[in-house]
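In: Pasting a predicted model and its sequence here:
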Amino acid sequence: DTIIYILTQLPDVADVAAAACCHQLSCAALSDSLWQQLVMARWPLLPVRIACPGCSWRELYLSRAKLPRWRDLCCRMDEVESLLQRISDTTGHNSIAQHDGDRLSALLLFIFATPGPSPMAF
């Protein structure tokens, strides 16, 4: 458990390097609990296990990491969620801060206007 915790604190490249060091670290690096923590840390809003039903946490991580712009998109979606929560908390005041509205518009334009693979390609 201590080794898994340490591995979750390291960058992805360090996890790969640690796995090549010895048999014990290699086994730890393949642990599903490690990959679960890595998935949850990298994509906190990813619906748990819906994206890849029946696959391991490692397979889920690898499949998500291969998608173009996935990390950037998830970070921006986290910000959208935060802005929407702040706007919802202020709805009783019948106004939202202009900068919140502007930022939300910019984020949504980025998310939906960024060219990428066709949804039909998946």
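Out: Perfect, thanks for sending it.

In: I figured Pro44 hits Glu81, correct?
Out: No: Pro44 is beyond contact range of Glu81, at 9.6 Å (criterion: CB atoms under 8 Å). From N, CA and C alone the C-beta is placed, and that goes for glycine too.

In: In space, not sequence, find me the middle residue of the chain.
Out: Against the mean C-alpha coordinate of the chain, by CA atoms, centre = their mean, the closest residue is Trp43 at 1.7 Å.

In: Please name every helix or strand in contact with the lengthiest helix in the chain.
Out: Assignment by DSSP state H gives helix 70-89 as the longest helix of the chain. Applying 3 or more CB pairs under 8 Å, 6 or more residues apart in numbering; DSSP states H and E, we find helix 70-89 packed against helix 98-113.

In: In the protein, where is pLDDT below threshold?
Out: 47-52, 68, 70-71, 74, 90-96, 114-122 (pLDDT under 70).

In: If we use 80, what do you get?
Out: By pLDDT under 80, the low-scoring segments of the chain are 1, 12-13, 15-16, 42-54, 64-79, 81, 86-101, 108-122.

In: re earlier: pretty sure the residue nearest to the centre of the chain is in contact with Arg64, am I right?
Out: Yes: counting by CB under 8 Å, Trp43 touches Arg64, with 6.3 Å between them.

In: Give me the angle between the longest helix of the chain and helix 98-113.
Out: Here helix 70-89 runs at an angle of 140 degrees relative to helix 98-113 (axes from the mean of the first three to the mean of the last three CA atoms, to 10 degrees).

In: And helix 70-89, what's buried?
Out: Buried positions in helix 70-89, judged by neighbour count with 16 or more other CB atoms under 10 Å: 73-74, 76-77, 80, 83.

In: Same check on stretch 6-14?
Out: For stretch 6-14, burial by neighbour count (16+ other CB under 10 Å) applies to 7-8.

In: how far is it from where the chain is centred?
Out: How far stretch 6-14 lies from its chain's middle: 16 Å, per CA atoms, centre = their mean, to the nearest Å.
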